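K.L.:
fold the following.
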Amino acid sequence: MTTTLPGHEGGVSGDEPEVELLLAPRDGVPPVVETGAALDEVVRRFAAGRGPVAVDAERASGYRYSQRAYLVQLRREGSGTALIDPIGCPDLSELSSVLQDDEWVLHAASQDLPCLAEIGMVPPRVFDTELAGRLAGFERVGLGAMVENVLGLRLEKGHSAADWSTRPLPESWLVYAALDVEVLLELRDALEEELRSQGKLELAAEEFEAVRLAPPPPPRVDPWRRTSGIHRMRNRRQLAAVRALWEVRDAMARRRDIAPGRILPDSAIVAAVTAAPRTPAELMALPVFGGRSTRRHVDTWFGALQAAVALPEDELPVPSPVGDGPPTPNRWAERDPVAARRLARVRAVVTALADELRMPPENLLQPDAVRRLAWTPPQPITAETVADALRGNGARAWQVARTAGPLAQALPEPEQPEQPEEETSTTSSTPPAPNAPPPFSG
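P.N.:
Numbers count the residues shown, from 1 in each chain. So this is what the prediction gives:
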């Protein structure tokens, strides 16, 4: 069953079906694999299967500091479904080795590939159903929306934000996990056909491979600057206090493997810095520090604040870090008006080309590549030099082929029309007014 997403002209076509709610896997919920013997049986079963392998992983984001997998789900034709507990089975490299001849199907693969690699699972090829939906022009690309709009099936998505480190895992969560991979292979086939009909199958393969081979992101510079509410800080001393509290919290969260916000929310950091308490008692009096766990570590929090107060001026953080790229776009007009106009032209070109391809502009060309090109265009500006610049900023071959030429035309500042010269002649064809003085000729 397939349907068309409202407002999506390029989606999978057909009569809109009644939506069927999936309540349980067709083969039932398999037992969770927690031992080496049970894992050996899964390896044997999946080695004997055929075709693509649906893979998913559940983490405990928002609950745990780490991004490790707490459940891995797989499904394959002829193999059925497997639910594997990576706590009991932390090394799945043998399972990965028997799945190296076929494609792995994931939804939002970039989120799951790092935690899968940690337990030895590395795919030979990837089909990303979320990315396929973006490239095909679907407006809503979450798994539930894609399954409903493409397959006419509805998934219950109530456990996506659950604490998957919970043991034992509730039965309803296992139903949800098994259903996630049960629909992936059918969704993959429908999206492949849609991409083929739009002439996008080859470019999609480039994008999938780029996701598979993407290196880990580099460590973020000054991650404490992402503290929610930090814009309310008025001076460098307050920024130092935010940094001190953030770093103490981060060390504690890493050591206990608890999400930082569950140890001390950002709002508490901002409130403490703003209040500038002079004693631990004044800090505890703040409403956001009323929790038992927070109060237990009050000396730690207060010590961080005092350390920031004692810092010499030359060790205080600067208001804005120096980056290696262009400034934020809202500062371009002030810093370089010519570059700001160039960015507007380049963005307009990318948006127009993306509209023609029926995909989001950010999937046609990464926003960072657009900004870097507009801030520092190559010299001279030609389709070839622009193509080189785009490749240097991570653009794929299909992206370069579709954008380099139009962007090379948009980058130069348009020539201003010549202004007519002012009349400088001392003579006029208009007769002088009566009694007017003769023209000055001396």
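
K.L.:
show me the domain layout of the chain.
P.N.:
The chain breaks down into these domains under automatic domain parsing: 20-213, 223-315, 329-410.

K.L.:
same list, those, but as JSON lines with mean neighbour count please.
P.N.:
C-beta here means a position set from N, CA and C on the backbone, and glycine is covered the same way. Output for the domains of the chain, formatted as JSON lines (neighbours: other CB atoms under 10 Å):
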{"stretch": "domain 20-213", "mean neighbour count": "18"}
{"stretch": "domain 223-315", "mean neighbour count": "16"}
{"stretch": "domain 329-410", "mean neighbour count": "17"}
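
K.L.:
export these as CSV, with columns for mean pLDDT.
P.N.:
Below are these laid out as CSV (pLDDT from 0 to 100):
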stretch, mean pLDDT
domain 20-213, 96
domain 223-315, 95
domain 329-410, 96
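
K.L.:
kindly provide the distance from the nearest residue to Ala214 once chain neighbours are set aside to Val122.
P.N.:
Once flanking residues are discounted, Ala214 sits nearest to Ser110: 6.7 Å by CB to CB, 6 or more residues apart in numbering. Ser110 is 14 Å from Val122, where distance means CB to CB, to the nearest Å.

K.L.:
kindly report the same for Leu21.
P.N.:
From Leu21 over to Val122 the distance is 35 Å, taken as CB to CB.

K.L.:
next one: Glu192
P.N.:
Distance of Glu192 to Val122, computed by CB to CB: 23 Å.

K.L.:
again, but for Tyr65
P.N.:
Separation of Tyr65 from Val122 (CB to CB) stands at 24 Å.

K.L.:
Glu148 too?
P.N.:
31 Å.

K.L.:
can you check Arg335 too?
P.N.:
Using CB to CB, one obtains 43 Å as the distance from Arg335 to Val122.

K.L.:
cool, and Thr382?
P.N.:
Taking CB to CB, one finds Thr382 at 40 Å from Val122.

K.L.:
swap in Ala304?
P.N.:
As judged by CB to CB, Ala304 and Val122 stand 40 Å apart.

K.L.:
next one: Glu194
P.N.:
Distance from Glu194 to Val122, by CB to CB: 28 Å.

K.L.:
so what's Leu357 closest to, chain neighbours aside?
P.N.:
Per CB to CB, 6+ apart, closest to Leu357 is Leu364, 6.4 Å.

K.L.:
and for Val318?
P.N.:
Spatial nearest neighbour of Val318, excluding adjacent residues (CB to CB, 6+ apart): Arg236 at 7.1 Å.

K.L.:
let me see the contact set for the one you found.
P.N.:
By CB atoms under 8 Å, 6 or more residues apart in numbering, the contact set of Arg236 is 313, 316-319.

K.L.:
quick one: the residues you listed as CSV, columns for distance to Val242 and secondary structure too.
P.N.:
What follows is the contacts of Arg236, written out as CSV (distance: CB to CB, whole Å; DSSP: H, G, I helix; E, B strand; the rest coil):
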residue, distance to Val242, secondary structure
Glu313, 17, helix
Leu316, 11, coil
Pro317, 9, coil
Val318, 13, coil
Pro319, 12, coil
